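Chemist: Below: sequence and its predicted model.
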Amino acid sequence: MKRGAFITVEGVEGVGKSTCLAAIERSLRESGRPVLVTREPGGTTLGERVRELILDEHEGGLSGPIEALLIFAARARHLQRIIVPALADGRWVVCDRFTDATYAYQGGGRGVDRHALEVMAQMVQEGLEPDLTLLLDAPVEVGLQRISEREHDRFEKENFSFFERVRRSYLEIAARAPQRVRTINADRPLDDVTGELLKVLQQFIAEFTGAAR
Ligand code: Z5A
């Protein structure tokens, strides 16, 4: 059986990832593909515990390296228990954030050495990379404004320059891997954003299914 495609969605807070994930899932299901939607950190009991821990605003003293180690531990379990079996079973896996988020937040945001992150990624992913990454990009102030009404978690309480570094890291990743990472301008009305996103997705489906034939 052909393996399914691995699609990730990335971006700084408030760019519209959750909103767009729903549109991606709908579109894939309508095209008759078996879909698994998951998230990081999360997707397993261990992953959800790590998520709770790293988002808890009362959790003091979690340095960048501690965050990275926790996130990669959760990722290892997520890959082993959920992502790899689903892909092998022919399902299309759509994941809300993956390793690019670690390069952006722990690398760019917290200053963890990129090489150390690459070593952990290699150990945990064993060469598996997303087939397509949809990077929703908008100025930091736009995203933060969109989430200004809700209660903020540990990351969302960071300062503006932290998110600027995160955004810059994401854009650098996209520049280095233009084939895999497709950047979508998320500073537009939602219909325009989802319209472009679904167009990119359709193009990818055609390429992936053609290439997998
Ligand atoms: N993290 C990490 O540090 N390292 C890692 O390796 C990983 C994660 C994997 C959890 O992420 C945290 O984990 C994350 C980094 C860290 N930081 N935080 N917090 P998350 O993905 O669960 O949380 P999030 O980024 O905070 O999600 P979010 O704030 O909900 O953002 P979003 O999903 O991109 O936005 P949304 O909920 O779809 O939309 C926000 C609001 O904007 C909502 O009211 C929408 O209706 C509105 N919206 C969306 N699009 C538009 C447009 N185009 N126009 C107008 N309004 C819009």
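Modeler: Sure thing, it's come through.
Chemist: Low-confidence stretches in the protein?
Modeler: Scanning the chain for pLDDT under 70 picks out 211-213.
Chemist: can you map out the helices along it?
Modeler: Under the criterion DSSP state H, the chain contains helices at 17-30, 45-55, 64-78, 84-88, 99-101, 114-125, 140-146, 160-176, 190-212.
Chemist: Switch those helices over to a markdown table, and while doing so, append mean neighbour count and distance to the ligand to every line.
Modeler: Every residue, glycine included, has its C-beta placed from N, CA and C. Formatted as a markdown table, those follow (neighbours: other Cβ atoms under 10 Å; distance: least, Cβ to the nearest ligand atom, whole Å):
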| stretch | mean neighbour count | distance to the ligand |
| --- | --- | --- |
| helix 17-30 | 16 | 3 |
| helix 45-55 | 17 | 6 |
| helix 64-78 | 20 | 5 |
| helix 84-88 | 16 | 17 |
| helix 99-101 | 25 | 4 |
| helix 114-125 | 15 | 9 |
| helix 140-146 | 17 | 3 |
| helix 160-176 | 17 | 8 |
| helix 190-212 | 14 | 4 |
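Chemist: could the ones you listed go into CSV alongside distance to Arg182?
Modeler: Below are those laid out as CSV (distance: least, Cβ to Cβ, whole Å):
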stretch, distance to Arg182
helix 17-30, 12
helix 45-55, 26
helix 64-78, 22
helix 84-88, 20
helix 99-101, 12
helix 114-125, 20
helix 140-146, 18
helix 160-176, 8
helix 190-212, 5
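Chemist: Which one of the ones you listed lies nearest to Phe6?
Modeler: helix 84-88 (6.0 Å; Cβ to Cβ).
Chemist: and the closest one, how far from the chain's centre?
Modeler: From the chain centre to the centre of helix 84-88 is a distance of 18 Å (Cα atoms, centre = their mean, to the nearest Å).
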